[in-house]
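Student: Kindly return the folded structure for what I paste below:
(one chain, ligands or ions: 1)
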Amino acid sequence: MNETAIHDSGRGRPLEGKQGLVFGVANKRSIAWAIAKAWHDAGARLTLAYQGERIRENVEELAASLGGETRTLPCDVSRDEHLDAAFQQFGEKARRLDLLLHSVAFAPREALEGRFTDTSREAFRMAHDVSAYSLVAMARRAEPLMADGGSLLAMSYYGAAKVVPHYNVMGVAKASLEACVRYLAYDLGPKKIRVNAISAGPVNTLAARGISDFGRMLKHYEERAPLRRNVELEELGATGLFLALPGSAAITGQVIYADCGYEIMGM
Ligand code: 0WE
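Tutor: Presented below is the predicted three-dimensional model:
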């Protein structure tokens with residue numbers, strides 16, 4: 001890493017020539033979209049991997065809005081054969097991989113209501129499979145494509161570290177995801193592949209829609225966070241960009257809180 005590369009951030013297109021693969025764009029309010037836009041604006045070429053036929057058109061439109069060179073591909077991250085096909089297809093077109101975003105989570109709705117104690121084996125399995133194991137499955141397939149090193153980025157939430165009522169099995173799955181980030185960072189460090197997570201404060205996305213009292217949660221954060229407001233999508237984009245840039249070259253295995261300071265509070 002030379003000095004020019006480190007000090008280039010903020011000017012020019014610091015991700016020019018980089019190839020990115022983004023999992024988790026569903027619509028324009030997705031955190032994945034905010035980070036994809038930031039990477040794109042910094043010069044990266046992107047591929048958006050979308051979850052299913054239902055959101056295909058939407059994601060294709062978003063990709064087109066970034067310009068013709070942005071690709072899309074379908075991928076259900078709970079299926080090994082989907083991941084194999086996605087990375088195969090990506091590798092054929094892009095030839096290299098520098099940046100990967102994991103912004104994917106799922107638990108059955110009934111597991112995000114009521115008591116954690118009542119979590120079924122199947123809900124537990126599914127939450128961990130989709131929300132945590134998929135990062136490991138992606139990392140293993142990304143490694144051979146990241147010949148010049150790279151940056152893997154995952155999204156987490158405070159419910160991984162402390163009890164957030166009703167977050168339930170997702171909190172346990174995010175705790176697993178954060179541990180996966182550390183173990184992957186250890187394994188992939190010698191290949192100059194960094195692995196980090198952003199722990200975002202609550203954002204009104206598709207994933208948050210229908211979660212009861214989400215509006216109240218946003219207000220609670222606004223009142224208690226040191227910055228007295230909620231994090232904005234654009235700021236998550238900027239944090240995601242930072243973790244992709246040479247300026248963060250010494251940061252790996254970390255969970256960076258982008259939550260207006262909420263996490264530091266004891267009361
Ligand atoms: O990680 C999340 C939510 C992820 C999520 C959302 C859903 C809704 C629809 C995972 N699975 C599902 N399954 C569905 O059927 N967040 C950080 C947002 C979130 O979700 C909560 C929160 C917060 C914050 C649920 C309860 C309490 C707080």
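Student: Output the set of residues of the protein in proximity to the ligand.
Tutor: Proximity of the chain to the ligand, by Cβ under 6 Å from any ligand atom, involves residues 105-107, 109, 112, 157, 164, 166-167, 170, 202, 207-208, 211. (Glycine included, C-beta is placed from N, CA and C.)
Student: Please indicate which of the residues you listed are buried?
Tutor: Buried members of the residues of the chain next to the ligand, counted by 16 or more other Cβ atoms under 10 Å: 105-107, 112, 157, 164, 166-167, 170, 202, 207, 211.
Student: Format those residues as a markdown table; extra columns: distance to residue 188 and pLDDT.
Tutor: Output for those, formatted as a markdown table (distance: Cβ to Cβ, whole Å; pLDDT from 0 to 100):
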| residue | distance to residue 188 | pLDDT |
| --- | --- | --- |
| 105 | 22 | 98 |
| 106 | 25 | 97 |
| 107 | 27 | 97 |
| 112 | 31 | 96 |
| 157 | 23 | 98 |
| 164 | 30 | 97 |
| 166 | 34 | 96 |
| 167 | 28 | 97 |
| 170 | 25 | 98 |
| 202 | 30 | 97 |
| 207 | 27 | 85 |
| 211 | 33 | 87 |
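Student: Could you give me the buried positions within stretch 96-109?
Tutor: Buried residues in stretch 96-109 (16+ other Cβ under 10 Å): 97-107.
Student: Report the two of those separated the most.
Tutor: Spatial extent of the buried residues of stretch 96-109 (Cβ to Cβ) is set by the pair 98 and 107 at 30.8 Å.
Student: circling back: narrow the residues of the chain next to the ligand to those in strands?
Tutor: Within the residues of the chain next to the ligand, no residue falls in strands by DSSP state E.
Student: Can you add distance to residue 181 and give those residues back as TSV?
Tutor: Formatted as TSV, these follow (distance: Cβ to Cβ, whole Å):
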residue	distance to residue 181
105	14
106	18
107	19
109	26
112	22
157	13
164	19
166	24
167	18
170	16
202	20
207	19
208	22
211	24
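Student: Among those, which are located in helices?
Tutor: residue 170 (DSSP state H).
Student: Residue 76: which of the residues of the chain next to the ligand is nearest?
Tutor: Proximity of the residues of the chain next to the ligand to residue 76 (Cβ to Cβ) peaks at residue 106, which lies at 10.5 Å.
Student: Identify the residues contacting that closest one.
Tutor: By Cβ atoms under 8 Å, 6 or more residues apart in numbering, the contact list for residue 106 reads 126-127, 130-131.
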